[in-house]
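Trainee: how does the following fold in three dimensions:
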Amino acid sequence: MIPLKKVLFIFFFFIVTGQVNAQKQQPNIIFFLVDDMGWQDTSVPFWDSLTPSNKKFHTPNMQRLAKERMKFTNAYAASICTPSRVSLMTGMNVARHRVTNWTYNKNQGTDHMDDDKLVPPKWNVNGLSSEPGLENSVYATTLPSLLTKAGYYTIHCGKAHFGAMGRLGKIL
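Mentor: Have a look, this model is predicted:
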């Protein structure tokens, strides 16, 4: 028979160990980036109050997540996908990373040039690279890389339009 003192010590040890481990656990991070969704295109208000447009939508799971967790409400985005995604991955704004339009083929801009007198600046038409020295690309340490170093497992599901087809280098 195990003495009561020993049982209480073992029980106390497991409680304290569990609490220490629970304190060391990192919070889960789930981030949704939804193309073409406006700030009023959900029943969750992303302003200081509900708008008439918010009342048109029924998104109960978004409401639950916003109520139980955290809602990010103060951000800026480019009008098209690649610059917004590069900003999210690097923490840089468009003027800094110089990816100003969507990317397609390696070393080919996607701007339509109607004026032969206009010479645009040298943009990073190849998008984002996690390796230095790739031409026409912005080199940066990405958010998933930083999260991985901090002990997180990362996954990306869906569209990942960070850079041009045919360019070398990994992103994450």
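Trainee: could you use CA atoms for every contact and neighbour count after this?
Mentor: Will do.
Trainee: helices along the protein, start to end?
Mentor: Applying DSSP state H to the chain gives helices spanning 4-24, 60-68, 81-90, 94-97, 143-149.
Trainee: least reliable of those going by mean pLDDT?
Mentor: Taking each of those in turn, the one with the lowest mean pLDDT is helix 4-24, at a mean of 48.
Trainee: from T82, how far off is N136?
Mentor: Using Cα to Cα, to the nearest Å, we find N136 at a distance of 14 Å from T82.
Trainee: more neighbours, the two?
Mentor: The residue with the greater number of neighbours, taking N136 and T82 and applying other Cα atoms under 10 Å, is T82; the counts read 24 against 21.
Trainee: any idea which helix or strand in this structure has the lowest mean pLDDT?
Mentor: The helix or strand of the chain with the poorest confidence is helix 4-24; it has a mean of 48 (mean pLDDT, DSSP states H and E).
Trainee: ok, P60 - contacts?
Mentor: Taking Cα atoms under 8 Å, 6 or more residues apart in numbering, we find P60 in contact with S43.
Trainee: how close does it sit to F162?
Mentor: 31 Å.
Trainee: check A140 too.
Mentor: Computed with Cα to Cα, the distance linking A140 and F162 is 12 Å.
Trainee: what's the answer for V119, then?
Mentor: V119 sits 25 Å away from F162 when distances are taken as Cα to Cα.
Trainee: also Y153?
Mentor: 20 Å.
Trainee: compare those two (neighbour count), which wins?
Mentor: Between Y153 and F162, F162 has the larger neighbour count (other Cα under 10 Å), namely 23 against 11.
Trainee: surely that one and R85 touch.
Mentor: Yes: if you go by Cα atoms under 8 Å, F162 and R85 touch, sitting 6.2 Å apart.
Trainee: for stretch 43-53, buried residues please.
Mentor: Applying a neighbour-count criterion of 16 or more other Cα atoms under 10 Å, the buried positions in stretch 43-53 are S43, V44, P45, F46.
Trainee: nope, stretch 135-150 is what I meant
Mentor: Judged by neighbour count using 16+ other Cα under 10 Å, the buried positions of stretch 135-150 are E135, N136, S137, V138, Y139, A140, T141, T142, P144, S145.
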